[in-house]
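1. sequence and predicted structure, then a few things I'm wondering about:
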Amino acid sequence: MKDNYDVIIVGAGPGGSVTARHTAEAGLKVLLLEKRQEIGTPKRCGEGIGYAVLDRLGYKRDERFVCHHIDGGIMYAPSGKALEIPGGDGGAVIERKVFDKFLAYDAAKAGAEIQVKTEVTGLLRDNEGKIAGVDAVYEGKKYQIRAKIVVASDGIESKIGRMAGLKYSNDLVSVVSGYQYEMANIDIENPNKLYFYIGRKIAPRGYIWIFPKGLHVANVGIGIGGSHEKTAKQYLDKWIENTDSVKKGAIIEENAGAIPIGNFLEKMTLDNFLAVGDAAHQVNPVHGGGLAEATYAGVLAAKAIVDAIKAGDTSAEGLNEYNVLWWNERGNQLRRVEKVVKAYENMSDEALDLISNAITGNDVVDLSDGRSAKLMKIILKNPRLLGLAKYLK
């Protein structure tokens, strides 16, 4: 590691690696730091991704990280009714341990320096108190590394974002607890579908998923919102025990973590600083997926960084292009999605069954994109659902 860079990026997840790649491609001197000894582990992800995202990243649909191809989904209401969800252009379940390395490889090929097993312990400040780099520790040795811009891409906890002074609000309502097993020797009715199971009894304010990684292997997980008598793991274990096709399976990996859903940051920038990915709450609230959002944001962040450095203005105002781009291209839509999620989280199983009987799989796709006009019509026509209308306004 040198002692001076144009950009230091803290966290080599998808958002960090994409930011590193695009800033390095523009000729900037970039350092990407990762506290873990291996990029991509441990995974905290269902590992589903749309082909459109792979296309945007420049990857083929049969890259080595692709485990299984997906052409749609099936969602089960509390009553057991199945809604088949169209898959559009399709997608895949991937191996994050390999995918994240691909993103890091591309950042390195573009010219970014990458250093793993390095913990950032603090932020350097100039005489005016503005961020000017990082304090880091590698194998017990301390480093002070200066940079024009520091990027936080260190996940939902974002120690760096908090140190910098970003205004977070990780209240329990906006954080989902996730738990997942990778399981082998299970039966999957159609391995080319993603499976979703909803209902307050099995997954309060969330859902259970099965994402196939092959004919008899899948990620089986749960996300639940808020505080409950049981943990996410306990809810998931109970559901597995009552599901014959899954309970006979062997667990070959366990993962757990928190997922931000909503409470988007109005401003993701400070003087000489910005945040991407989970560190900026850039997650789709309806399914908790952050891969697409983090990689999209990484490109936008890189553009703003390059433009700010070229203009000689890396202040919060100079980096504000990032806020404008993200809110125009992703944020406003995700805020509409957040309203749908708020309504969903307040639905009883009875309400979920009533609504599932009145919608189609295409309507589910619309809702996941924040288009809630049909849902509002259903709610307004049913007196038992009227209390949900306020969440969609």
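-> Great, that's in hand.
2. how close does residue 49 get to residue 326?
-> 20 Å (CB to CB, to the nearest Å). C-beta: built from backbone N, CA, C; applies to glycine.
3. and the closest residue to residue 113 other than its chain neighbours, what is it in contact with?
-> Distances taken as CB to CB, 6 or more residues apart in numbering put residue 31 closest to residue 113, at 4.9 Å, once the chain neighbours are dropped. For residue 31, the contact set (CB atoms under 8 Å, 6 or more residues apart in numbering) comprises 1, 2, 5, 7, 8, 9, 112, 113, 114, 115, 145, 147.
4. ok, now with 6 Å
-> Listed by CB atoms under 6 Å, 6 or more residues apart in numbering, the contact set of residue 31 reads 5, 8, 113.
5. tell me the SS of it?
-> strand (DSSP: H, G, I helix; E, B strand; the rest coil).
6. kindly report the same for residue 370.
-> For residue 370, the secondary-structure state derived from three-state DSSP is coil.
7. that one: neighbouring residues, count only.
-> For residue 370, the count of nearby residues is 19 (other CB atoms under 10 Å).
8. gap between it and residue 141?
-> Look at residue 370 and residue 141: by CB to CB, they are 48 Å apart.
9. would JSON lines of the contacts of residue 31 with neighbour count be doable?
-> Output for those, formatted as JSON lines (neighbours: other CB atoms under 10 Å):
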{"residue": "5", "neighbour count": "23"}
{"residue": "8", "neighbour count": "29"}
{"residue": "113", "neighbour count": "17"}
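10. now do the buried residues in stretch 40-55.
-> 40, 43, 44, 45, 46, 47, 48, 49, 50, 51, 53, 54 (16 or more other CB atoms under 10 Å).
11. what residues are up against the third one?
-> Remark: with contacts taken as CB under 6 Å, 6+ apart, residue 44 is in contact with 255, 257.
12. that one belongs to a helix?
-> No. Read with three-state DSSP, residue 44 is coil and lies in no helix.
13. any idea how far residue 148 is from residue 332?
-> 30 Å.
14. those two - which one has more neighbours?
-> Comparing residue 148 with residue 332 by other CB under 10 Å, the one with more neighbours is residue 148, at 20 against 12.
15. hang on, the earlier thing: what's the most distant pair in the buried residues of stretch 40-55?
-> Within the buried residues of stretch 40-55, 44 and 51 form the most distant pair, 22.6 Å apart (CB to CB).
16. point out where this structure drops to low pLDDT.
-> Within the chain, the stretches with pLDDT under 70 are 169-173.
17. what does the helix ranked longest in the chain contact?
-> Ordering each helix of the chain by length in residues (DSSP state H) puts helix 291-311 first. Outside helix 291-311, the residues that touch it by CB under 6 Å, 6+ apart are 14-15, 18-19, 22-23, 26, 49, 53, 148-149, 274, 276-277, 282-283, 314, 318-319, 321-322, 325-326.
18. now intersect those residues with the strands, please.
-> The strands, defined by DSSP state E, take in 49, 148, 149, 274 from the contacts of helix 291-311.
19. got these as TSV, with distance to residue 105 columns?
-> Converted to TSV, the ones in strands among the contacts of helix 291-311 look like this (distance: CB to CB, whole Å):
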residue	distance to residue 105
49	17
148	25
149	23
274	24
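20. which residues touch the residue nearest the centre of the chain?
-> Note on the chain: the residue nearest the mean C-alpha position is residue 290, at 1.6 Å, using CA atoms, centre = their mean. Listed by CB under 6 Å, 6+ apart, the contact set of residue 290 reads 278, 283.
21. residue 97 too?
-> By CB under 6 Å, 6+ apart, the contact set of residue 97 is 40, 41.
22. may I have the helix or strand it falls within exported as CSV, CA atoms only?
-> Counting by DSSP states H and E, the element that carries residue 97 is helix 96-110. Coordinates of each C-alpha in helix 96-110 appear next as CSV, following Å, rounded to 0.1, in the frame of the first residue of the first chain:
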residue,chain,number,x,y,z
ARG,A,96,-21.4,-15.3,-4.4
LYS,A,97,-18.0,-16.5,-3.3
VAL,A,98,-17.0,-16.6,-6.9
PHE,A,99,-19.1,-13.7,-8.2
ASP,A,100,-17.6,-11.2,-5.8
LYS,A,101,-14.1,-12.3,-6.8
PHE,A,102,-15.0,-11.7,-10.5
LEU,A,103,-16.0,-8.2,-9.6
ALA,A,104,-12.7,-7.7,-7.7
TYR,A,105,-10.7,-9.3,-10.6
ASP,A,106,-12.2,-6.7,-12.9
ALA,A,107,-11.4,-3.9,-10.5
ALA,A,108,-7.8,-5.1,-10.4
LYS,A,109,-7.6,-5.4,-14.2
ALA,A,110,-8.7,-1.8,-14.4
